[in-house]
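>>> sequence and predicted model, in that order:
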Amino acid sequence: MMMSKKRKNMEDYSLPSFTSFFGVDVFFSQSMLVSGFLNVVLSTIQVEFQMSSAEAAMFPSNYDISVAVTVLLVAHFGSSHKPRTLGIGMILLATGSLFFSLAHFIYGKDNILEAKDSEKNMYLCDSDSNADSKTDCIDETMGNSGAYALLTVGSILIGLGASPVYTAGTTFCDEIFPPQKVSMYFGISYGIGALSPAIGFILGGVFLGFYKNLGNPPEGLTVDNVNWVGAWWLGFLICALMGYVFGFLLLFFPAQLPECEDVKQKKLELNIQIANTEEGPANEPATPPEAKSQTFIDLLKDMLPLLKSVLLNPVFVVIVLGSITDSLIISAFAAWLPKMVESQFGVSSSVAAYITGGVTVPGAAGGIIVSGLIVKWKKLNGLQCAKWQAYIGIACIIAQLGFLIHCPTVQIDGVNSALNSTCSQAVEDAQCAARCPGNDVYEPICLDGVTYRSPCIAACTEYNANSKEFSNCCGRQDLVVEAGACDTNCKWLIPYVICLFLIMFLTFLNNIFFLTANLRCVKDSERVIAISLQSVSFRVFGSFPGPIILGAFIDKACILWNTNACGEEGACQEYDNTKIMVVAVSIAMIAKIIGTILYFIGWRLWAKREDSASIAYSDEVKGGIVTNTVTVEPEETGEPEKNGDLDKVDLTDVAL
């Protein structure tokens, strides 16, 4: 009885403005989590759970494939009760976020450095190591596997929970707002959606600056240390709390709010008025067709002819294939750009988050806004937008030469630099070679421009806890060094940031041109299926493989792996910056060149089709076959039909 009364009160006071708050929160939480937090913390997750880049790349890829597989099913089966569908989606998204946080609390552990933080002499050349390497090996293998399983399930759940955002969320809000206000709501939602990744990057950078347990870090461990693990899990925990609160509240919303009937009636009257205006006053007033319920099988039967027609449209296919290459580039660099900045310029993960978020988000937003203004200002049709795509592709290829900017690689003794014979002899004389930590410990020090993996390998025999300095290294009594790898003194950060902004701006400048060309190269009746096909193609062939491909090639650039007592490789400790540059340039250039060629082919195919249509029309007119009643198909003229299915296109699906 009490629950029924609460539900009635909810129905009575569910105003559109109140409901829109929930909708904006859904967009905000989803975008901040997926486009912000997840991309920022990948490199830190690698360090804590000793994963390779290819393994960690599966987490953003799992999200994309989950959305691609379920978005159409959710759109059909979740349409009967959209608020409940949204609520369930938010709860799934919150659960996935919670799984990410639990991976830290259950499987996160202190490494050797942190366990012995008060005994820096364990790294010295005259110390003993009593660690049970066999036990450590078993514990690490089990812990890392458990963490990987939790993170995998979490990323899949986040994808499942995000699917209703792209379907039920948009259509539900379209139902409660009148036609003159719905565009304003979508503008607010997409504005929040564009801003939330920037907030995710900034907050992610702040959280990574905190020690992973939110306490004081071990002595000598700073945020600039390669072994630093920040509180990456905090952002996921915040998103989980937000998701649970708003998800459970959405479950109590009715299937239709009281305002829905009024809005539906206004839209119906507007459609009848437009139809009567087009048919003329002499005709009888138009009446709306009766609603016909369709099963999922009926929907598939109606969809197949449209799907066949779209797939046989060469212009559409070529343009979508070209845009898939853009999707691959965007997803790949969104996942790994923070790590590349961190490696190239020797900055902390927190600073790398600030740099990438502060550059990529404004660049992407600026590109989208400018492209929209150009299309509106010049009143471009579909064919003209296809032409702009091709030429912007050329400009983007030139801009991507900015990825050639890179810094020197850190020189590590015995890895990519010749062994220092003096230090080696000092280690041998002290008879501590067998007691020096292996590759499972990386506590670098810099000596004469060369980095040593630990003070023991540099034959350091003393450590001053007050000054945090090592001395008596390499047999030199007067030599004092500080912990940390050698600084490469790279001065290319600002030029790299400028080029990165330009690359992001030009990449996203194609966004509106592509959407316009994509909508105009097919018939009005095919636009919904074309948008859906484009969205699924982007995720399956672009967003899904992008992070995996780039992550696998980044692993190839590793020069020093963390290797445990069992010889199993974990996370990479140092990279060859030149190889990372080659990987970045190669993947970006190859994908963009292929995409630009496809854009040119699509443009020329479309232009040829336009020419053929014009010639056929001219011949018919000259032969007296047709009069002024002749019409040209919209996909040939680039102009939309009136009262077509354009109004039915889900704008959120377009944004996918």
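Nice, I can see it.

>>> quick one: the helices in the stretch 401-550 of the chain?
Along the stretch 401-550 of the chain, the stretches classed as helices by DSSP state H, counting those that start in this stretch are 421-430, 493-520, 527-537, 545-556.

>>> and of the ones you listed, who's closest to M303?
For the helices of the stretch 401-550 of the chain, the distance to M303 is smallest for helix 527-537, at 6.2 Å, taking Cβ to Cβ. Yep, even glycine has a C-beta here, placed from its N, CA and C like the rest.

>>> which strands and helices lie in contact with that closest one?
Packed against helix 527-537, as judged by 3 or more Cβ pairs under 8 Å, 6 or more residues apart in numbering; DSSP states H and E, are the following elements: helix 58-77, helix 296-311, helix 314-345, helix 493-520, helix 651-655.

>>> re earlier: can I get the helices of the stretch 401-550 of the chain in JSON lines with distance to A395 and mean pLDDT?
Output for the helices of the stretch 401-550 of the chain, formatted as JSON lines (distance: least, Cβ to Cβ, whole Å; pLDDT from 0 to 100):
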{"stretch": "helix 421-430", "distance to A395": "51", "mean pLDDT": "70"}
{"stretch": "helix 493-520", "distance to A395": "5", "mean pLDDT": "89"}
{"stretch": "helix 527-537", "distance to A395": "23", "mean pLDDT": "80"}
{"stretch": "helix 545-556", "distance to A395": "21", "mean pLDDT": "93"}
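
>>> kindly reformat these as JSON lines containing mean neighbour count and distance to G346.
Formatted as JSON lines, those follow (neighbours: other Cβ atoms under 10 Å; distance: least, Cβ to Cβ, whole Å):
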{"stretch": "helix 421-430", "mean neighbour count": "16", "distance to G346": "23"}
{"stretch": "helix 493-520", "mean neighbour count": "21", "distance to G346": "10"}
{"stretch": "helix 527-537", "mean neighbour count": "21", "distance to G346": "39"}
{"stretch": "helix 545-556", "mean neighbour count": "22", "distance to G346": "16"}
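
>>> circling back: deepest-packed of the helices and strands packed on helix 527-537, please.
Greatest average neighbour count among these goes to helix 314-345 (a mean of 24), per mean count of other Cβ atoms under 10 Å.

>>> quick one: average pLDDT of the helix or strand following it?
Next in sequence after helix 314-345, counting helices and strands by DSSP states H and E, comes helix 349-378. Averaging pLDDT along helix 349-378 gives 87.

>>> save the helices and strands packed on helix 527-537 as JSON lines, and put in distance to C456 too.
Shown next, in JSON lines, are these (distance: least, Cβ to Cβ, whole Å):
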{"stretch": "helix 58-77", "distance to C456": "35"}
{"stretch": "helix 296-311", "distance to C456": "63"}
{"stretch": "helix 314-345", "distance to C456": "25"}
{"stretch": "helix 493-520", "distance to C456": "33"}
{"stretch": "helix 651-655", "distance to C456": "54"}
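
>>> least confident of those helices, on average?
Among the helices and strands packed on helix 527-537, helix 651-655 scores lowest, at a mean of 38.

>>> just want the angle from the longest helix belonging to the chain to helix 314-345.
Selection of the longest helix in the chain by residue count, based on DSSP state H, yields helix 577-622. Relative orientation of helix 577-622 versus helix 314-345 (axes from the mean of the first three to the mean of the last three Cα atoms, to 10 degrees): 160 degrees.

>>> relative to G205, which of the helices and strands packed on helix 527-537 is closest?
helix 314-345 (9.1 Å).

>>> the inter-axis angle of that closest one versus helix 296-311?
90 degrees.

>>> picking that back up, who wins for proximity to I601 among the helices and strands packed on helix 527-537?
Comparing the helices and strands packed on helix 527-537 by Cβ to Cβ, helix 314-345 comes nearest, at 5.2 Å.

>>> surely S327 touches F544?
No: between S327 and F544 there is no contact under Cβ atoms under 8 Å: 9.4 Å.

>>> the helices in the stretch 151-300 of the chain, which residues?
Using DSSP H, counting those that start in this stretch, helices in the stretch 151-300 of the chain cover 170-176, 179-208, 233-250, 258-279, 296-311.

>>> make CSV out of the helices of the stretch 401-550 of the chain and add distance to Y244.
Formatted as CSV, these follow (distance: least, Cβ to Cβ, whole Å):
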stretch, distance to Y244
helix 421-430, 55
helix 493-520, 33
helix 527-537, 28
helix 545-556, 28
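
>>> what is the burial count for P217?
If you count neighbours by other Cβ atoms under 10 Å, P217 ends up with 18.

>>> picking that back up, lowest average confidence across the helices of the stretch 151-300 of the chain, which one?
helix 258-279 (a mean of 50).

>>> check contacts around the residue lying closest to T44 once chain neighbours are set aside.
Nearest non-adjacent residue to T44, counting by Cβ to Cβ, 6 or more residues apart in numbering: W232, 4.5 Å away. W232 makes contacts with V40, V41, T44, I45, E48, H104, G204, F207, L208, K212, as judged by Cβ atoms under 8 Å, 6 or more residues apart in numbering.

>>> can you check A588 too?
I329, F333, Q400, F403.

>>> for those residues, which one is nearest A571?
Nearest to A571 among the contacts of A588, with distances taken as Cβ to Cβ, is F333, at 20.1 Å.

>>> for that closest one, give its distance to K301.
Note on F333: its distance to K301, by Cβ to Cβ, to the nearest Å, is 41 Å.

>>> equivalent analysis for V450, please.
Counting by Cβ to Cβ - V450 and K301 are separated by 70 Å.

>>> what about V245, how many residues nearby?
13.

>>> tell me the contacts of it?
V245 touches nothing, counting by Cβ under 8 Å, 6+ apart.

>>> repeat for the one 3 residues further on
Applying Cβ under 8 Å, 6+ apart, we find F248 in contact with G87, I91.

>>> how much space separates it from F37?
Relative to F37, and taking Cβ to Cβ, F248 is found at 22 Å.

>>> same question for W228.
In terms of Cβ to Cβ, W228 sits 18 Å off from F37.

>>> so which of these two has more stuff around it?
Between W228 and F37, counting by other Cβ under 10 Å, F37 is the more crowded of the two (26 against 20).

>>> find the nearest non-adjacent residue to that one, please.
Nearest to F37 is G235, by Cβ to Cβ, 6+ apart, at 4.0 Å.

>>> in terms of contact, does that neighbour touch G204 like I think?
Yes: proximity of G235 to G204 meets the contact threshold set by Cβ under 8 Å, at 5.6 Å.

>>> which residues do these two both contact?
G36, F37, V40, V41.

>>> can you pick the most crowded of those residues?
Neighbour max across these (other Cβ under 10 Å) = V40, 30 neighbours.

>>> what mean pLDDT does the helix or strand hosting it have?
Using DSSP H and E, V40 sits within helix 38-49. Averaging pLDDT along helix 38-49 gives 89.

>>> hmm, who's touching the helix or strand just after it?
Next in sequence after helix 38-49, counting helices and strands by DSSP H and E, comes helix 53-56. Contacts with helix 53-56, where a contact means Cβ under 8 Å, 6+ apart, come from 42-43, 45-46, 148, 336, 339, 548, 550-552, 554-555, 572.

>>> likewise stretch 338-346?
Contacts of stretch 338-346 (Cβ under 8 Å, 6+ apart): 39-40, 42-43, 53, 333, 347-349, 352-353, 355-356, 406-407, 410, 485, 487-488, 490, 492-493, 496, 554, 575, 577, 580-581, 584.
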